[in-house]
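Chemist: model this:
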Amino acid sequence: TYTLHEEYAPEGYVIATDVEFTVSKDKETQKIEMIDKIVEMSKKDIAGDELEGATIIVTNTKTKNIVDKWVSGKEPHRIQGLIEGETYVMHEEIAIDGYVKATEIKFKVENTNETQKVVMIDKIVEMTKNDIGGEEIEGAELKVFDKEGNIVDEWTSTNEAHKIKNLVEGKT
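Modeler: Below you'll find the model as predicted:
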């Protein structure tokens, strides 16, 4: 009995699970197959469009090592350095200006022959300053603070809604 082990996968593919096999005694050629899968990550807005410019980090939950880091683009990203059966955490290190930093996503690389897709969605929180009649008020100086009293964003109101910066999902 032998074990076929993939030490490194080609770029864009997951390291496959070991394949055990026994050499038969018949005179026929034996075929052993190891299939590498793909795990793709998409960074999207709530409308489903790909977002460019967010810095994403994937960390192995067992080793705590970073396995891949990239800046999101117009196309989904094939996550590098993954191993079938292992669990990872995807973290948005730097959010795109005007978008809320997304909640971390924990995922396990499944042992299937299908491309696995992970989607992280960013949303926007807009604020308007209106009078009692619903008209935009220009010139108001506004600040958003976190629970610790730190300034998260500050601006002067205009006749358009403001996209609040530096927000993180789940925080107050």
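Chemist: only C-alpha atoms for contact and neighbour calcs from this point on.
Modeler: Fine.
Chemist: any idea which element Lys165 lies in?
Modeler: Using DSSP states H and E, Lys165 sits in no helix or strand.
Chemist: Could you list which residues are in contact with it?
Modeler: 97-100, 152-153 (CA atoms under 8 Å, 6 or more residues apart in numbering).
Chemist: switch the cut-off to 6 Å
Modeler: 98, 153 (CA atoms under 6 Å, 6 or more residues apart in numbering).
Chemist: distance of it from Ile96?
Modeler: 9 Å (CA to CA, to the nearest Å).
Chemist: try Glu50
Modeler: From Glu50 to Ile96 the distance is 12 Å (CA to CA).
Chemist: before we move on, what about Tyr2?
Modeler: From Tyr2 over to Ile96 (counting by CA to CA), the distance is 49 Å.
Chemist: These two: who's more crowded?
Modeler: Taking other CA atoms under 10 Å, Tyr2 and Ile96 do not tie; Ile96 has more neighbours (17 against 9).
Chemist: first to last residue in stretch 18-36, what's the distance?
Modeler: End-to-end distance of stretch 18-36 (CA to CA): 11 Å.
Chemist: Revised request: answer the last question for stretch 104-112.
Modeler: Stretch 104-112: ends 24 Å apart by CA to CA.
Chemist: Check what contacts it and list those residues.
Modeler: Residues contacting stretch 104-112 (CA under 6 Å, 6+ apart): 84-91.
Chemist: do stretch 78-88 as well
Modeler: 12, 14-17, 39-40, 59-61, 67-68, 106-111.
Chemist: mind redoing it with 7 Å?
Modeler: 11-17, 38-41, 58-61, 67-68, 106-111 (CA atoms under 7 Å, 6 or more residues apart in numbering).
Chemist: From those residues, list the buried ones, please.
Modeler: 12-17, 38-41, 58-60, 68, 108-111 (16 or more other CA atoms under 10 Å).
Chemist: Show me which of the contacts of stretch 104-112 is closest to Met34.
Modeler: Closest approach to Met34 among the contacts of stretch 104-112 (CA to CA): Glu84, at 12.2 Å.
Chemist: For that closest one, grab phi and psi.
Modeler: phi -60, psi 140 (degrees, to the nearest 10).
Chemist: Excluding residues flanking it in the chain, which one is nearest it?
Modeler: Leaving aside its sequence neighbours, Glu84 sits nearest to Val109 (CA to CA, 6 or more residues apart in numbering; 5.0 Å).
Chemist: where are the low-confidence patches of the chain?
Modeler: Along the chain, no part satisfies pLDDT under 70.
Chemist: Tell me which residue of it is furthest from the middle?
Modeler: Lys27 (49.5 Å; CA atoms, centre = their mean).
Chemist: residue boundaries of the strands in the chain?
Modeler: 2-4, 19-21, 39-45, 55-60, 66-71, 77-78, 87-94, 105-108, 116-122, 126-127, 141-145, 151-156, 162-163 (DSSP state E).
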